[in-house]
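# show me how the following folds:
(2 chains)
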2 protein chains.
Amino acid sequence: MTEKPTLSGWTCPLPLRNYPTIVMGHGSGGRMMSDLIHNLFEPLLGNDLLAQMGDATVLTLPPGSDGAPCRLAFTTDSFVISPLIFPGGDIGELAVNGTVNDLAMSGARPLYLSAGFILEEGLPLETLGRVVTSFGEACRAAGVQLVAGDTKVVDKGHGDGLFINTSGIGLIPPGVNIAPGNARPGDAVLVSGTMGDHGITIMSVREGLDFFAPVESDTAPLNGLVEAMLAVTREIHCLRDATRGGLSAVLNELAVASRVGIVFEEARVPVRPAVQAACEMLGLDPLYVANEGKLVAIVPEPQAEAVLEAMRAHPYGRDAARIGTVTAEHPGLVVAKTSIGATRVVDLPAGELLPRIC
Amino acid sequence: MTEKPTLSGWTCPLPLRNYPTIVMGHGSGGRMMSDLIHNLFEPLLGNDLLAQMGDATVLTLPPGSDGAPCRLAFTTDSFVISPLIFPGGDIGELAVNGTVNDLAMSGARPLYLSAGFILEEGLPLETLGRVVTSFGEACRAAGVQLVAGDTKVVDKGHGDGLFINTSGIGLIPPGVNIAPGNARPGDAVLVSGTMGDHGITIMSVREGLDFFAPVESDTAPLNGLVEAMLAVTREIHCLRDATRGGLSAVLNELAVASRVGIVFEEARVPVRPAVQAACEMLGLDPLYVANEGKLVAIVPEPQAEAVLEAMRAHPYGRDAARIGTVTAEHPGLVVAKTSIGATRVVDLPAGELLPRIC
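Below is the predicted model:
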């Protein structure tokens, strides 16, 4: 039994001293955010479970009287996207799908969600009603239940309409062992569909850009797709949804965590023509643009074709493609083969292209 | 397998039409908040599990291959308190203790927390460092592990320094069955200590009031206290921490959920002299002021003395007191006997006295 802790001082570590206050870059998913996490959060809060670094954390509950352990996946995500409603979805649907997907990426069957709503004074009730309607529909579509909720209101000018935090619990089936460190040389690298749809959509709405063809967010629950893949084989090594930082961030994280190299063919990465056109107009690389309904899978070569087939048979995997291979060479590096046969290193993004895309 | 839902319209129900936008009262814990929950959130998101209305929701996981179910408690809470650091604590410690306590009120042993940090551009890194330090210390003091985290940054003027969402998972020991509807006529009503410390502290800081004696928030993790009580008997019927709305809100909620009456003696409710003096100065009733480290317990009469003794032996229950009894008469009503022998009905608070106290 410990007595109540008393409020302590804190000394700012050297790598963070350039910025005495938080700036947008600290939430970018890039270098500054990584500095903040490694120098502030990790030393104060780190432990073995957080160190798993998966989209969700795998928890083995203390065995009951019968001695049988139970493996849960647990994850949390706050959604601060602006605007609240966008082509192809809204913050409510995104908050459900985002957390469902983080759970699914551990191979878990998502079961239960919690929701924390932070409302700003002045938010139209109409907007809240639409977003909560869509939150409920997304729960039903994903087959999860909202089981705990909280609502807070902050005064005008101290929030931004609506923030939603969703946390989630899923159950990991026996025999499933998916983790960022599990990729092995020779494994196939698959993606479940077109890259960059969500990021380009939010960018176009926020910046008032008008492209030749309309683009829509790809927000979708991926648990059904993962279930279909696991029905083919439990031997899936890595799963990751390609959100902030896009495909390039995911491939880099997996290469580092598994200490392997990854080689992929740029021309095999599916990109919608409208997204490609928008990227060319804006000077962006679709490999770095965020998705909200696409995953990257690393699977053993012998199962790759069967898994790919199962993905293509699912509505959220119709455009699935095999894009590359895991190598023993250049561990920690991701290399793209361009259409003209050259190769280039695909780096971690320096930061997200736009703040508040989720 | 369901196709992606499309964004639907929503028609504002009649009881909500007086306010076309969110106002502070919608977060007050009083009538307006209850209207918002019952007319907007419940019809769109309600289900049997949410309907438990406990501080945490009890989830029975689908039994594994061995057929053994596992009972979890799951809860979420967003913390938007202003100021971030206050006498006796800060938002980091509060965010840990608040969620630990919600879990403990279901009789669960709190195990794992998630944290979602929403940082506003311009937040001094020094403040974040102090708060996260204290978050980590509070985790250690409560014996829980932070296992999932998320950080978002919003632009200046679209947040308020720092909001924290914590969700938590606990394990409910076999034989424990604590729920708001379990109070029975004849049961004893216990409180774990002095009432109103947290609310009066925040009020005094925010309003710049100076009382005769200093007051401090009572923020504390109550899981150890609950464990000590359950060691005496598993027959505890109801537990609730007396946060927003104070003691009166808790007693009213339990009386309604259990369809019983509650009678208590006002003079037996422990209140610190400084808090009492502040309340008199401000014209407040300490029964309605929030706490962040106090619980209300309803226990069968035969075990009441032994449970009270165990509470008093614990650092967070030193001032525990038996304040009243559950009755079969006037179900749903809470009645106080005043020091001069009169009785009065203690209503649900109309709203929280101050916004953003947690």
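
# return the residues in contact with residue A:122.
Counting by Cβ atoms under 8 Å, 6 or more residues apart in numbering or on different chains, residue A:122 makes contact with A:156, B:21, B:22. All C-beta spots, glycine's among them, are computed from the backbone N, C-alpha and C.

# want to throw these into a markdown table with distance to residue B:81, secondary structure and neighbour count?
As requested, the contacts of residue A:122 are exported to a markdown table (distance: Cβ to Cβ, whole Å; DSSP: H, G, I helix; E, B strand; the rest coil; neighbours: other Cβ atoms under 10 Å in any protein chain shown):
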| residue | distance to residue B:81 | secondary structure | neighbour count |
| --- | --- | --- | --- |
| A:156 | 18 | coil | 13 |
| B:21 | 23 | strand | 16 |
| B:22 | 19 | coil | 26 |
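
# residues from the stretch 201-350 of chain A in reach of chain B?
Counting by Cβ under 8 Å from any Cβ of the partner chain, the residues of the stretch 201-350 of chain A close to chain B are A:219, A:220, A:224, A:314, A:315.

# still on that earlier bit, adding pLDDT and distance to residue A:29, write the contacts of residue A:122 out as TSV.
Putting the contacts of residue A:122 into TSV (pLDDT from 0 to 100; distance: Cβ to Cβ, whole Å) gives the following:
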residue	pLDDT	distance to residue A:29
A:156	95	29
B:21	95	33
B:22	95	30
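
# list just the nearest of these to residue B:258.
For these, the residue nearest residue B:258 by Cβ to Cβ is residue B:22; the value is 32.2 Å.

# quick one: residues contacting that closest one.
Applying Cβ under 8 Å, 6+ apart, the residues near residue B:22 are A:119, A:120, A:121, A:122, A:123, A:125, A:128, A:153.

# could you pull out the helices for the stretch 251-358 of chain A?
Secondary structure of the stretch 251-358 of chain A (DSSP state H, counting those that start in this stretch): helices at A:273-282, A:301-312.

# least reliable of the ones you listed by average pLDDT, please.
Of all these, the segment with the smallest mean pLDDT is helix A:273-282, scoring a mean of 92.

# which positions in that one come out as buried?
Within helix A:273-282, the residues that qualify as buried by neighbour count (16 or more other Cβ atoms under 10 Å in any protein chain shown) are A:274, A:275, A:277, A:278, A:279, A:282.

# just stretch A:147-156 next, same as before
The neighbour-count check on stretch A:147-156 (16+ other Cβ under 10 Å) flags A:147, A:148, A:149, A:150, A:151, A:152, A:153, A:154, A:155 as buried.

# same question, stretch A:314-322
So, applying 16+ other Cβ under 10 Å, buried residues of stretch A:314-322: A:314, A:316, A:317, A:319, A:320, A:321, A:322.

# contacts for it next, please.
A:188-194, A:220-222, A:224-225, A:228, A:268-270, A:293, A:304, A:308, A:310-312, B:1, B:3.

# pull that stretch out as CSV, backbone CA atoms only.
The C-alpha trace of stretch A:314-322 is given here as CSV (Å, rounded to 0.1, in the frame of the first residue of the first chain):
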residue,chain,number,x,y,z
HIS,A,314,-13.6,-9.5,-49.8
PRO,A,315,-15.3,-6.1,-50.4
TYR,A,316,-12.5,-4.3,-48.6
GLY,A,317,-9.7,-6.2,-50.4
ARG,A,318,-10.9,-6.1,-54.1
ASP,A,319,-7.7,-4.3,-55.2
ALA,A,320,-5.3,-6.2,-53.1
ALA,A,321,-1.9,-6.7,-54.6
ARG,A,322,1.4,-8.4,-53.8
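
# tell me if residue A:139 really is in a helix.
Yes: the assignment for residue A:139 by DSSP: H, G, I helix; E, B strand; the rest coil puts it in a helix.

# can you give me the helices in the stretch 101-250 of chain A?
Listed in chain order, the helices of the stretch 101-250 of chain A (DSSP H, counting those that start in this stretch) span residues A:125-142, A:197-206, A:223-232, A:246-258.

# closest to residue A:31 out of the ones you listed?
Of all those, it is helix A:246-258 that lies closest to residue A:31, at 11.7 Å by Cβ to Cβ.

# tell me what that closest one is packed against?
Applying 3 or more Cβ pairs under 8 Å, 6 or more residues apart in numbering or on different chains; DSSP states H and E, we find helix A:246-258 packed against strand A:238-241, strand A:261-265, strand A:295-299, strand A:334-337.

# show me what counts as buried in that helix.
Neighbour-count burial for helix A:246-258, counted by 16+ other Cβ under 10 Å, picks out A:246-258.

# need the helices and strands packed on helix A:246-258 in TSV with mean pLDDT and mean neighbour count, can you?
Compiled in TSV, the helices and strands packed on helix A:246-258 are given as follows (pLDDT from 0 to 100; neighbours: other Cβ atoms under 10 Å in any protein chain shown):
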stretch	mean pLDDT	mean neighbour count
strand A:238-241	97	26
strand A:261-265	98	21
strand A:295-299	98	26
strand A:334-337	97	21
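
# wait, which of the ones you listed is closest to residue B:160?
Set against residue B:160 and scored by Cβ to Cβ, the helices and strands packed on helix A:246-258 come closest in strand A:238-241, at 30.1 Å.

# hey, C-alpha coordinates of the closest one in CSV?
The C-alpha coordinates for strand A:238-241 follow below in CSV (Å, rounded to 0.1, in the frame of the first residue of the first chain):
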residue,chain,number,x,y,z
CYS,A,238,2.6,-9.0,-39.6
LEU,A,239,-0.5,-6.8,-40.1
ARG,A,240,-0.6,-3.0,-40.0
ASP,A,241,-3.1,-0.5,-41.2
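
# how does chain A divide into domains?
Domains of chain A are assigned by automatic domain parsing as A:10-46, A:54-171, A:188-345.

# the ones you listed: lowest mean pLDDT?
Mean pLDDT is lowest for domain A:10-46 among the domains of chain A, at a mean of 89.

# now that one, how far from the chain's geometric center?
On the basis of Cα atoms, centre = their mean, to the nearest Å, domain A:10-46 sits 21 Å off its chain's mean C-alpha point.
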